Structure formats: structure tokens, C-alpha cells
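Q: A structural model of the following input is requested.
(one chain, ligands or ions: 2)
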Amino acid sequence: MDTNSHGLLSVAAVTTMDKVMNRQIRCSLSLANATALTEPPQVPDTPIETLYVHIPFCHTLCRYCSFHKVKFDESLARAYFVALRQEITAVLRMGYRFNRVYLGGGTTTILEDELIKTIELIRSMTPIREVTCESDPFYFRQGNPEHLRGLIDRMSIGVQSFEDRILKATGRFEKFGSGREQADYISQAIQLFPTVNLDMMYGFAGQTPDSVYRDLEQAMALAPEQITTYPLTPGIGKNRKKCAPIMGPDRYLWHQFISVRHCLGQSFDQQFPWNFNRRQPGLTAHKYVLDGEDCLGVGSGAFGRFGQRFFVSSFDIHDYIAGIHANPNLPGIRFEKQLDSKALRRHELMIMMGHGYLDAAQFKAHSGQNLWQALPLEMAYLMACGALAKQGINYRVTEFGQFLALKMFAGFLSGMDYLREQASAGCHRYAT
Ligand SMILES: C[S@@+](CC[C@H](N)C(=O)[O-])C[C@H]1O[C@@H](n2cnc3c(N)ncnc32)[C@H](O)[C@@H]1O
Ligand code: SF4
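A: Residues are numbered from 1 along each chain as shown. Ligands and ions are numbered 1, 2, ... in the order given. Model (predicted):
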């Protein structure tokens, strides 16, 4: 942000937003008032958008990562996959239906044979429009990605950076090789799947707008259909401390965000401020998992949300497996939280901001209220800091507004970390 008067206003706006987001997360995502689930949630009449499947194992743990995972132990992981397939079977037999499946981790490909069995099971039990699977670059050197051909529609590969300095600082150089080597592995994988997404990150210490630009140029040179660019998010609990030494100053993020947009804008369309699709005639835009749609999570540490309820499964892997064995015909969800309508409206606002446009009629159709009735303070704040420009009864999100949407999204990721912290501490309390 510039240091002219508008720039100072923008700095103040971002600082205020960070503080407000932090407070709101602690309030709306607190599990203090979550309750143990006594019976599974009612099966909705229409399909839930996404079945999220969590695989919580990694060979070694990256410094910045706040996702739920433990160090790989083969016998535990095999027992986990058996329980996971039991849970998936139970969920599908109960009548839940989904449009998409998203397999995330951890390292989903850590036991390729188990992963394949799991996807085959889902595909044999229900028609699915799109299966997305996360992976790391090294899998394409060490594994047999050709065995996943036809099973996975969208492969999302976590690169984070091609800069060796950053790979070393995050613990990924020793694990997955140099940036050049990783690019080489990915280039072999890219032909195998209809859609490949590369996850990149920025906001690391020592990164500049130029280095972010060069990093993304390397990502674009591999010609993936999608690139996702996450700002490094330190989380809220103990992950925050682990992340601090590798994190750049927050005030540098704006210029890096502009750099992301300029670089990817050459041949990609922005879907969200963190998500870009290659501009290509005939290429269908693939939906991103965090686009505000309903979701049911299976596996240890999975979250789900549909209707006004938020669901969380056990974060203790042994406890999760024992729970599935004890009740093999039920989902593994352990506790739920009722979401208040303000939190849902704010989430909707974040998604619309991310899309770059606030459609007044669409918001009213969802919430029964207009934007100013539902979120007066938020709207006043967004207008005052230049995040929105009025267009008739609707609002266009300015470039600065898109940056605020990115910060909101980072706040949302921190919120997930906050949930994980609380749920990890409390999972025995909620155990049946
Ligand atoms: C849970 S990871 C799984 C990907 C895979 N295991 C890997 O390491 O490549 C999914 C993505 O989340 C993003 N991510 C993880 N921790 C993050 C953090 N603290 N802030 C922002 N993004 C993060 C990374 O871009 C990563 O590729
Ligand atoms: S970034 Fe990927 S490999 Fe690293 S700890 Fe997180 S899930 Fe595991």
C-alpha cells in the first residue's frame, strides 16, 4: 500500500480487519458451546456439494502447516484407511449424496494402494461429478501416478515455492528436492489428469514482489489449468509460534498480492483473489473446495457444514478408529455447533467479495435481508475504506477490496486452525 493519505487509510483498514476477524473467529468458531452429537444429521433432500475425505499422515511435518496430520506409521495408517472406508460406506448407505469428492491431507498418496481402494469404493457406490486429490511433488517421482489415471479428475499439487531458499526454510527441500527437481517431477504428472492445480504460497520472510513474480512464472511455465496462491497464514494457536520465524512482515503482502495478480493475469483468470484458472477456450472452470458450498467431512479431523450446523470429527486417530469400529454404520462426526445467522452472512459476504461482486438480489434471496440490513457495520466499513464501488443496486469489489477478501480468507484459514486446536484438546471429552 502507498503511504499517501489513501495508503494510510488502507493500512488502517487492513489492521482493523485483522483485529475484527480475529475476534469474530474466536467468538463464532468457539467450540465451548459445541455439543456431542447424539444421532447423525438428517440426510438432506438434495446432494451435499462436497464429500471431504481427510488423510492425516505425513512423512515429516512442514514448518508452516497447520492442517491436522501426524507422522506416518504404516500399521496405524492402514487401520485408518479401513475405518475410513467403513465410514464412507456408512455415509453412502444412509443415503447421503455428493456432487464432488475432495481428498485432502496430510499426504493423501502416502499409501497409494489404500488411496486407490478408497476412491474405487466411492466411485462404485455413487456417481460423482469430480474427484479432487491433493498431493506433493515428490509423489510424481516416487509413486505410480499413472495408477490414479481415470480415478482423479483434478490433481492439486502443493509446491508452495520453487525458490530453494524457501524450500529449505520450510523443510521441503530435504523432503521433496530442489525447485528445479520438483518442476521436473510435476511436468511428468501434468499430462495424466484432466485438471492440475498448483498450490503456491507467498508472504515468506525475504520474499519480494519480484521474487513472487518469478516464482509464479515458473509455475505458469508448467502449464497447469489452475494455480492457487495462499498467503502464508500463521494460524491462531501453537502453529503461530512455529510459523513466525519464516513469515515476512504483514505490510509487504499487498505488493506481493499485486505481483500475483499481474503475473497470473497474463494468462489466467482470477476466480477468487487466491484462485486462478488458465484462460483457454473450452476449459470449464473447476470449483474450489472453499467456495462456501455445503460439505460433509469424513476421517479424523474432518470438518463439515450444511444447513446452519457445523460438524467436527475426532482429532485423535486411535479414538476415531475405535469410534468407527464401535458404530460401523454411523458417520464418525463427534460433535456439532449451531452457527448463528450473522456468522453465515459474514461467510457469504466473504465469498461474494472473493468473487469480486456483491449481488444484492442474490444475497437477499439467501438471507431474506438486504446487505445493509444484514451487515450494516461491515458494509459501512467496506464502503468507507474503498473496498466497494456502487453499481446500481450492486457493488463491484475494487482491487483493494479483493485484497481485503484475501485477508478475510486468511482469517478463515486461521479459524480452521483455531477449531483444530480446540478439537484436539477436547476430543476425548466428546468421545462416545
Ligand atoms: C494441507 S496441504 C496438503 C498438500 C500436500 N501435503 C503438500 O504438502 O504438498 C494443502 C495446501 O495448504 C496450503 N497451506 C498449508 N499450510 C498453510 C498455511 N499455514 N498458510 C497458507 N496456506 C497453507 C499449502 O499451499 C498446501 O499445498
Ligand atoms: S504441507 Fe503437506 S506435507 Fe507438509 S505437513 Fe502439511 S500436509 Fe504434510
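
Q: Mind exporting the C-alpha coordinates of whichever strand or helix holds Glu217 to PDB?
A: Following DSSP states H and E, one finds Glu217 within helix 209-221. Taking C-alpha atoms only, helix 209-221 is exported to PDB below (Å, rounded to 0.1, in the frame of the first residue of the first chain):
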ATOM      1  CA  PRO A 209       7.100  -8.700  -5.300                       C
ATOM      2  CA  ASP A 210       9.800  -9.600  -7.900                       C
ATOM      3  CA  SER A 211      10.600 -13.000  -6.400                       C
ATOM      4  CA  VAL A 212       6.900 -13.800  -6.000                       C
ATOM      5  CA  TYR A 213       6.500 -12.900  -9.700                       C
ATOM      6  CA  ARG A 214       9.400 -15.100 -10.800                       C
ATOM      7  CA  ASP A 215       8.100 -18.000  -8.700                       C
ATOM      8  CA  LEU A 216       4.700 -17.800 -10.400                       C
ATOM      9  CA  GLU A 217       6.300 -17.500 -13.800                       C
ATOM     10  CA  GLN A 218       7.900 -20.900 -13.100                       C
ATOM     11  CA  ALA A 219       4.500 -22.300 -12.100                       C
ATOM     12  CA  MET A 220       2.900 -20.900 -15.200                       C
ATOM     13  CA  ALA A 221       5.600 -22.400 -17.400                       C
END
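
Q: where does the stretch 301-432 of the chain dip in pLDDT?
A: 425-432 (pLDDT under 70).

Q: Show me what the longest helix seen in the chain is packed against.
A: Ordering each helix of the chain by length in residues (DSSP state H) puts helix 399-430 first. Judged by 3 or more CB pairs under 8 Å, 6 or more residues apart in numbering; DSSP states H and E, the packing partners of helix 399-430 are helix 5-28, strand 226-231, helix 253-265, strand 268-272, strand 333-338, helix 341-355. (Each C-beta comes from the backbone N, C-alpha and C, glycine too.)

Q: tell me the angle the helix holding Glu217 makes with helix 253-265.
A: 30 degrees (axes from the mean of the first three to the mean of the last three CA atoms, to 10 degrees).

Q: Same question for helix 209-221: list its buried residues.
A: Under the neighbour-count criterion of 16 or more other CB atoms under 10 Å, helix 209-221 has Pro209, Ser211, Val212, Tyr213, Asp215, Leu216, Gln218, Ala219, Met220 buried.

Q: Can you confirm whether stretch 151-161 lies near ligand 2?
A: Yes - against ligand 2, stretch 151-161 shows contacts by CB under 6 Å from any ligand atom at Gly158.

Q: from the chain's centre, how far out does that stretch sit?
A: 13 Å (CA atoms, centre = their mean, to the nearest Å).

Q: Just the residues contacting it, thanks.
A: 116, 119-120, 123, 130-137, 140, 145, 148, 166-167, 170, 172, 179, 182, 186, 189, 192-201, 204, 215, 219, 224, 226, 228, 286 (CB atoms under 8 Å, 6 or more residues apart in numbering).

Q: Buried subset of those as a PyMOL selection?
A: Selection of buried members from the contacts of stretch 151-161 for PyMOL, criterion 16+ other CB under 10 Å:
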select buried, resi 116+119+130+131+132+133+134+135+136+137+140+145+148+166+167+170+172+179+182+186+189+192+193+195+196+197+198+199+200+201+204+215+219+224+226+228+286
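
Q: Select from the contacts of stretch 151-161 every entry located in helices.
A: 116, 119-120, 123, 140, 166-167, 170, 179, 182, 186, 189, 215, 219.

Q: May I see those organised as JSON lines, with distance to Gln391 and pLDDT added?
A: Conversion of these to JSON lines gives the following (distance: CB to CB, whole Å; pLDDT from 0 to 100):
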{"residue": "Ile116", "distance to Gln391": "49", "pLDDT": "98"}
{"residue": "Ile119", "distance to Gln391": "44", "pLDDT": "98"}
{"residue": "Glu120", "distance to Gln391": "48", "pLDDT": "98"}
{"residue": "Arg123", "distance to Gln391": "44", "pLDDT": "98"}
{"residue": "Phe140", "distance to Gln391": "45", "pLDDT": "95"}
{"residue": "Ile166", "distance to Gln391": "40", "pLDDT": "97"}
{"residue": "Leu167", "distance to Gln391": "43", "pLDDT": "96"}
{"residue": "Thr170", "distance to Gln391": "41", "pLDDT": "93"}
{"residue": "Gly179", "distance to Gln391": "42", "pLDDT": "98"}
{"residue": "Gln182", "distance to Gln391": "43", "pLDDT": "97"}
{"residue": "Ile186", "distance to Gln391": "40", "pLDDT": "96"}
{"residue": "Ala189", "distance to Gln391": "42", "pLDDT": "84"}
{"residue": "Asp215", "distance to Gln391": "34", "pLDDT": "98"}
{"residue": "Ala219", "distance to Gln391": "33", "pLDDT": "98"}
